[in-house]
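Engineer: A structural model of the following input is requested.
(chains A and B)
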Amino acid sequence: DAKTTQPNSMESNEEEPVHLPCNHSTISGTDYIHWYRQLPSQGPEYVIHGLTSNVNNRMASLAIAEDRKSSTLILHRATLRDAAVYYCILRDYSGGGADGLTFGKGTHLIIQP
Amino acid sequence: AAGVIQSPRHLIKEKRETATLKCYPIPRHDTVYWYQQGPGQDPQFLISFYEKMQSDKGSIPDRFSAQQFSDYHSELNMSSLELGDSALYFCASSLGLGGGPRDTQYFGPGTRLTVL
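Structural biologist: Just a heads-up that it's a prediction; the model follows:
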């Protein structure tokens, strides 16, 4: 399986943008890039996903490099509630099936008030 | 909006006992996943079911088994419990097989299992 690499932790100030990087140099053409996050004492939560083009939703934006070997999750205006562990996960849909998510180490995002 | 329901939320067992965890997916979701998260660790995928059939298998011990019922709820059965089984167990549900957005997994609050 293609692997992802993320920084162990990042720190940002409240109400400022946050850019969370993810490297996936061995990504295949059929891999989608998914982001989930896990707030303290809660189950993981879907954030966003994309294949080739940049994506936006109400929670965040996903910027995907042209060669797809890296991506960046962008939180436009971080709040204290965004403090969580953020996971970048590759998912291959070519074979079908309800495949489980492979969580790597993730980035622990700390938000300072 | 309705979310994934897990019961019980907390469970304390002795070594070598058995435990059954239940998961009720979001209405109309036909796929269920089980994950285990040990203290200070990242979630690890155990097993998944689609339309009552096992779909994918992760690092689930042989002592554990699971099934999905006709109403789509799922149960994780754990036997001969060991101290190392103490963890948070999350259930997630999704709508449909693969296909991008339909495969978004929605997680429940988890069951905290403590083995003494």
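
Engineer: quick one, what contacts residue 104?
Structural biologist: Picking chain A for this. Neighbouring residues of residue A:104 by CB atoms under 8 Å, 6 or more residues apart in numbering or on different chains: A:3, A:4, A:5, A:6, A:87, A:88, A:89, B:42. Every C-beta, even on glycine, is put in place using the N, C-alpha and C of the backbone.

Engineer: actually it's chain B I care about, not the one you picked
Structural biologist: Contacts here follow CB under 8 Å, 6+ apart; on that basis residue B:104 touches A:46, A:49, B:94.

Engineer: please, a ChimeraX command that selects the buried ones among the contacts of residue A:104?
Structural biologist: Applied in ChimeraX, the following selects the buried portion of these according to 16 or more other CB atoms under 10 Å in any protein chain shown:
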select /A:4,6,87,88,89 /B:42
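
Engineer: in chain A, which ranges drop under the pLDDT threshold?
Structural biologist: Low-confidence regions of chain A, defined here as pLDDT under 70, cover residues A:1-2, A:94-98.

Engineer: what parts of chain A come near chain B?
Structural biologist: Chain A comes close to chain B at residues A:32, A:36, A:38, A:42-46, A:49, A:51, A:85, A:87, A:91, A:93, A:95-106, as judged by CB under 8 Å from any CB of the partner chain.

Engineer: ok, and does the helix or strand of chain B with the lowest mean pLDDT reach over to chain A?
Structural biologist: With mean pLDDT, DSSP states H and E as the measure, the helix or strand of chain B carrying the lowest mean pLDDT is strand B:53-57 (a mean of 90). Yes: for strand B:53-57 and chain A, the contact criterion (CB under 8 Å from any CB) is met by B:55, B:56.

Engineer: so where do the strands sit in the chain?
Structural biologist: You didn't pick a chain, so chain A it is. Secondary structure of chain A (DSSP state E): strands located at A:9-13, A:18-23, A:31-38, A:45-50, A:55-56, A:61-64, A:70-75, A:84-92, A:107-112.

Engineer: let me rephrase: I mean chain B.
Structural biologist: B:5-7, B:10-13, B:19-24, B:31-37, B:44-50, B:53-57, B:64-68, B:74-78, B:87-94, B:106-107, B:111-115.
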